[in-house]
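**Student:** Sequence first, then the predicted structure, then my questions.
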Amino acid sequence: MEKENSIIEIKRKEQFTTQIELHKKFWDLVKSFQKEKVKVLDYGCGEGQITRHLGTNIKIKNYQEKIKIIGFDINLEKIEKARKRSENFPNIKFINKLSNEKFDITNC
């Protein structure tokens, strides 16, 4: 049991480290764009957990006007859950079909 708990704890630490690294890389990319608006695609977003993490940082850094995030997944049930969980994120949109829209940054 103790070994199992240690594995779970290590996985949580790895996940946390990965999320921090993701946010840092994301902001480095956003800052590198000299555009007025930056469009981000979260490809295979599932229920939108990472999409909301990115959206939270956008709110904190007051970048709502500059960054638009689109979460994409083919699973309509997951997209519906993502939409419900993300109602307080006006700069995030979830879709289950891609158009010819162009994005500056893609997370997958």
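**Tutor:** Now that the structure is in, tell me what you want to look at.
**Student:** just the helices in the chain please.
**Tutor:** Applying DSSP state H to the chain gives helices spanning 2-32, 49-60, 76-85.
**Student:** Who are the contact partners of the spatially most central residue of the chain?
**Tutor:** Among the residues of the chain, the one closest to the centroid is residue 51, at 2.2 Å (C-alpha atoms, centre = their mean). The contact partners of residue 51, by C-beta atoms under 8 Å, 6 or more residues apart in numbering, come to 42, 45, 69, 71, 82, 86, 92, 94. The C-beta positions use only the backbone N, C-alpha and C, and glycine is treated the same way.
**Student:** out of these, which are inside strands?
**Tutor:** Among those, DSSP state E puts 42, 69, 71, 92, 94 in strands.
**Student:** check contacts around the last one.
**Tutor:** Read that as residue 94. With contacts defined as C-beta under 8 Å, 6+ apart, residue 94 is in contact with 45, 48, 51, 70-73, 79, 82-83, 86.
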